[in-house]
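1. sharing a model that was predicted from the sequence below.
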Amino acid sequence: MAYLIKMRKIDEDAFLVKYSFEGGGWDIGNRSGQASVNKASGEVSIWDQSPDEAGDIPSIHARVIWKLSQHWQASEFP
């Protein structure tokens, strides 16, 4: 079960950090989108989602949320 997700910071201000991401894994095709992290609450929002064939949110988004939440808990915004 391997996934490769590339994330790049695209903007940061006093309240939010915005990232773009793209990647895929063994059970999902390549997906891309953008995400933001609220610096105060740690809430991660995803937009520009590329849904899978069934219209579901692909599991790559769950992995992006998980990783950005880890960085927020460590007070890191790479």
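-> Arrived safely.

2. contact partners for the most centrally placed residue in the chain?
-> Geometric centre of the chain, nearest residue: Val64, 3.2 Å, by CA atoms, centre = their mean. Val64 makes contact with Ile5, Met7, Tyr19, Phe21, Gly33, Ala35, Val44, Ile46 under the criterion CB atoms under 8 Å, 6 or more residues apart in numbering. From N, CA and C alone the C-beta is placed, and that goes for glycine too.

3. quick one: distance of stretch 62-73 to the chain centre.
-> 7 Å (CA atoms, centre = their mean, to the nearest Å).

4. how about stretch 59-72?
-> With CA atoms, centre = their mean, you get 5 Å for stretch 59-72.

5. go on, stretch 20-30?
-> Relative to the centre of its chain, stretch 20-30 is centred 11 Å away, using CA atoms, centre = their mean.

6. contacts for that stretch next, please.
-> So stretch 20-30 is in contact with 1-8, 10, 31-35, 52, 58-60, 64, going by CB under 8 Å, 6+ apart.

7. state whether Ile60 is indeed within a helix.
-> Yes: with DSSP: H, G, I helix; E, B strand; the rest coil as the criterion, Ile60 is part of a helix.

8. touching, it and Ile5? I think so.
-> Yes: using CB atoms under 8 Å, Ile60 makes contact with Ile5 at a distance of 6.3 Å.

9. more neighbours: those two, which one.
-> Legend: neighbour count by other CB atoms under 10 Å for Ile60 and Ile5, higher for Ile60 (25 against 17).
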